[in-house]
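> Structure for this input, please:
(one chain, ligands or ions: 1)
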Amino acid sequence: MKSVLQRSLPFLFTGVLLAAPSYAADKLPNIVVLATGGTIAGAAASDVQAGYTSGQVGVDQLLAAVPQARKLAVLSGEQVANIGSQDMNDEVWLKLARRVNEVLAKPEVDGIVITHGTDTIEETGYFLNLVVKSKKPVVLTAAMRPSTALSADGPLNFFNAVAVAANKDAAGKGVLVVVNDWIHGASSLTKTSTTAVQTFMSPLRGLVGTVAYGEIEFFHGAVGKNTVDSEFSLDGVTSLPRVDIIMAHENMDGKMIDAAVAAGAKGIVIAGVGNGNMTKEGLDALAANAKKGIICVRSSRVVTGRVGRNVEVDDDKLALIASDDLNPQKARVLLRLALLKPRPLAEIQRLFQEY
Ligand code: ASP
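Residues are numbered from 1 along each chain as shown. Below is the predicted model:
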């Protein structure tokens with residue numbers, strides 16, 4: 001495959017000096033950009049201040065800010081939302097997922113780029129990974145610095161995301177997230193720094209690939225079942241069941257667990273200490289709720305590593321689920337989709353091993 005440079009500056013390689021790249025626009029892939037807000041669309045009053053507001057710049061301004069991306073694809077934009085992703089909610093998720101499926105069903109569309117905030121991009125990406133019904137590339141991107149900042153990272157992230165979405169080899173790899181030159185699988189990435197540009201890591205499953213100024217190298221495909229192989233569908237779904245995450249800590253009691261159930265949670269995810277552990281009191285409350293039919297998953301507040309069944313906790317006896325390699329926020333996404341219909345515990349455990 002030709003590199004971006006070769007494709008965008010053909011005169012360098014043919015020896016013919018042309019004034020502009022000779023690019024037939026109709027040969028370029030069609031990429032639809034769905035904007036949801038975030039810091040990539042954020043603005044501050046000055047270029048060196050920490051305070052700013054997410055979701056200030058519209059999709060047209062975002063596209064206009066990176067004209068270089070039009071050398072890679074024919075771009076069209078839609079504003080799905082314009083919020084800081086700390087405000088991400090079910091309404092936007094359902095709207096976004098439906099729009100992604102509608103757009104990808106059009107034969108003339110080759111892929112999608114979604115701009116999003118970094119705070120919850122791992123949850124939105126993983127949600128889409130489970131409910132999008134297409135092999136075409138879906139690439140989320142974001143930025144740590146607002147569009148007005150000195151050394152804003154958004155424009156290059158956007159350019160690289162378009163390059164990945166426009167690349168045929170990105171098809172069939174599940175939903176991808178491109179930030180700071182790295183291509184992550186939606187099931188693997190997690191935000192690890194509150195402020196650093198190099199915030200996203202895929203600690204357990206590794207990177208899907210890298211992309212530098214549009215130059216792509218893929219290392220491996222998607223890990224975990226996704227998209228066309230996923231058994232989840234949003235057909236007829238208008239709301240998602242409530243699942244709460246409760247963090248384990250020193251001296252934990254069962255009150256937060258009981259309060260979550262009283263508030264209507266159908267499932268609980270524990271961000272456990274170590275290998276999904278918690279105090280005896282916490283575990284007693286969890287097991288009591290599991291006995292009543294609340295689906296209780298043990299995940300971990302530790303940034304990497306699997307949570308295995310029956311290690312220090314007798315999951316078989318207490319009717320609990322081990323999250324395997326899903327962190328609490330992703331375990332919550334999977335559990336919400338799993339709870340859309342009644343399933344035996346063994347089947348829910350299988351989902352955690354397969355997705
Ligand atoms: N709070 C912002 C958001 O998630 C942070 C960011 O985008 O980097 O929308």
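> For the rest of this, base every contact and every neighbour count on C-alpha atoms.
Will do.
> just the helices in this protein please.
Ranges of helices within the chain are 4-8, 11-14, 59-65, 90-104, 121-131, 154-165, 255-262, 280-291, 315-318, 328-338, 345-354, based on DSSP state H.
> Quick check: which of the ones you listed is nearest to the ligand?
helix 121-131 (7.3 Å; CA to the nearest ligand atom).
> burial count for A262?
A total of 10 residues lie near A262 under the criterion other CA atoms under 10 Å.
> For it, give me the pLDDT.
A262 is assigned a predicted lDDT (pLDDT) of 98.
> With S54 instead?
89.
> tell me the pLDDT at the nearest residue in space to it that is not next to it in sequence?
Closest residue to S54 apart from its sequence neighbours, by CA to CA, 6 or more residues apart in numbering: G42 at 4.0 Å. On the pLDDT scale, G42 is placed at 90.
> What residues does G42 make contact with?
For G42, the contact set (CA atoms under 8 Å, 6 or more residues apart in numbering) comprises 52-57, 145-148.
> Need those residues in a markdown table (columns: distance to the ligand and neighbour count).
Listed next are the contacts of G42 as a markdown table, based on distance: CA to the nearest ligand atom, whole Å; neighbours: other CA atoms under 10 Å:
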| residue | distance to the ligand | neighbour count |
| --- | --- | --- |
| Y52 | 9 | 19 |
| T53 | 8 | 16 |
| S54 | 6 | 23 |
| G55 | 7 | 24 |
| Q56 | 11 | 20 |
| V57 | 12 | 20 |
| R145 | 7 | 26 |
| P146 | 8 | 28 |
| S147 | 11 | 25 |
| T148 | 13 | 20 |
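> Rebuild those as TSV, extending it with distance to V297.
Listed next are the contacts of G42 as TSV, based on distance: CA to CA, whole Å:
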residue	distance to V297
Y52	37
T53	35
S54	33
G55	34
Q56	37
V57	39
R145	35
P146	36
S147	39
T148	42
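> hmm, back to that, so which of the helices of the chain is the most packed in?
Highest mean neighbour count of the helices of the chain: helix 154-165, a mean of 27 (counted as mean count of other CA atoms under 10 Å).
> Please state the mean pLDDT value computed over it.
For helix 154-165, mean pLDDT rounds to 98.
> roughly how far out does stretch 231-244 sit from the chain middle?
The chain centroid and the centroid of stretch 231-244 are separated by 17 Å under CA atoms, centre = their mean, to the nearest Å.
> surely G206 meets S188?
Yes. Using CA atoms under 8 Å, G206 makes contact with S188 at a distance of 7.3 Å.
> These two - which one has more neighbours?
S188 (27 against 16).
> Show the contacting residues for that one.
202-206, 223, 326.
> Where neighbours are concerned, which of these has the most?
Most surrounded of these: other CA under 10 Å gives L326, at 25 neighbours.
> per-residue confidence for whatever residue of the stretch 151-300 of the chain ends up closest to the ligand?
Closest residue of the stretch 151-300 of the chain to the ligand, CA to the nearest ligand atom: T195 (8.0 Å). On pLDDT, T195 comes in at 97.
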